[in-house]
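S.K.: This is a predicted model, with the sequence first.
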Amino acid sequence: MNPSVKVFAGAGSQKLAEKIAQRFGAPLGKVNIQKFSDGEMQPVFLESIRGDYVFLVQSTFAPADNLMELLLMIDAAKRASAYKIIAVIPYYGYARQDRKDRPRVAIGSKLVASLLEAAGANRIITMDLHAPQIQAFFEIPVDHLDSSAIFIPYIEHLKLDNLTFASPDVGSSNRVREIASYFNAEMVICDKHRKRANEIASMVVIGDVTGKDIILIDDICDTGSTLAKAAALLREKGATSVRALCTHPVLSGNAYQNIENSELEELVVCDTIPLANPNTQKIKVLSVADLFAIAIRNAYENKSITSLFIHSQLRNTRV
């Protein structure tokens, strides 16, 4: 008898997991996250998972409880004799710590990879890692999904006349170049210099933006200061309009205020992280549920996920 599929949600990704399970065509599994008075957590699966494919949906954004909860769920599933345990991590936290860029610092993304493996995960499904080479930190398979499959149909829907793409920094240029090539559009770079994390010292625009409708592309929007500064600079240089598409809405600190007060027409994000303020006027959310449901189906059926990266084929794809 073939193993069955069961999808469970961590507390941080409950709504997204419900959407994924609905698109997949299976009810969301029952799990209870018990909490002691000191904050210690203990996940308890409320149904048998012996011999099953178990998919655990949890983004590991702050606080670190989200990561710890996922690790405990993986361990509980392993001890409950699940056949395969797949961690579905729409947003992989600590991904910005992917190298030693100065002395005496941790490589957080490698540490998280080691923790997930030690807990008992057999596979990882994630989206838009801050650095694609983070996949090499794992000794288990990693399915790395691409949000451009979601963003490209949205961009086409906008029907902008003088479309030009912008990278908010040099590090994002490869991601932006791929989308610009799809549209056969021009690309510019906003080269920034930081004093320290989340604080920009200076920024310059490399390329001509006069009379252009600019779309900034990035994987993470944290404080929103980079996007706000880039939008102001692009408008100052003659851009007709500026909007931004970012996969993961971390949106910490004064991010919501920064976005609302910026020159951006809109900020379009995915639901890999739930919005703390869902009623904000300038932020639009696109769901990744279909994409992850298809990835889960293909992982279970041992099918290729290559089709998920062919943007024109995804629009009519059904689980």
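M.R.: Noted; the coordinates are in hand.
S.K.: Look up the closest residue to Leu160, ignoring the ones flanking it.
M.R.: Closest residue to Leu160 apart from its sequence neighbours, by CB to CB, 6 or more residues apart in numbering: Asp213 at 4.0 Å. Bear in mind the C-beta positions are built from the backbone N, C-alpha and C, glycine included.
S.K.: That neighbour reaches Arg235, doesn't it?
M.R.: No - if you go by CB atoms under 8 Å, Asp213 and Arg235 don't touch, sitting 11.6 Å apart.
S.K.: So, low pLDDT: which residues of the stretch 1-150 of the chain?
M.R.: 1-2 (pLDDT under 70).
S.K.: With the stretch 201-319 of the chain instead?
M.R.: Along the stretch 201-319 of the chain, the parts satisfying pLDDT under 70 run over 201-202, 310-319.
S.K.: mind listing the strands in it by residue range?
M.R.: Secondary structure of the stretch 201-319 of the chain (DSSP state E, counting those that start in this stretch): strands located at 213-221, 241-249, 267-270, 283-286.
S.K.: out of the ones you listed, which comes closest to Ala119?
M.R.: Across the strands of the stretch 201-319 of the chain, Ala119 has its closest neighbour in strand 241-249 (22.6 Å, CB to CB).
S.K.: Packing partners of the closest one?
M.R.: Packing partners of strand 241-249 (3 or more CB pairs under 8 Å, 6 or more residues apart in numbering; DSSP states H and E): helix 148-158, strand 213-221, helix 225-236, strand 267-270.
S.K.: Adding mean neighbour count and distance to Met187, write these out as a markdown table.
M.R.: Below are the helices and strands packed on strand 241-249 laid out as a markdown table (neighbours: other CB atoms under 10 Å; distance: least, CB to CB, whole Å):
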| stretch | mean neighbour count | distance to Met187 |
| --- | --- | --- |
| helix 148-158 | 17 | 14 |
| strand 213-221 | 24 | 9 |
| helix 225-236 | 21 | 13 |
| strand 267-270 | 24 | 18 |
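S.K.: which phi and psi does Leu163 have?
M.R.: For Leu163, the backbone dihedrals are phi -70, psi 130 (criterion: degrees, to the nearest 10).
S.K.: Which residue is the nearest non-sequential neighbour of it?
M.R.: Leaving aside its sequence neighbours, Leu163 sits nearest to Ala185 (CB to CB, 6+ apart; 4.8 Å).
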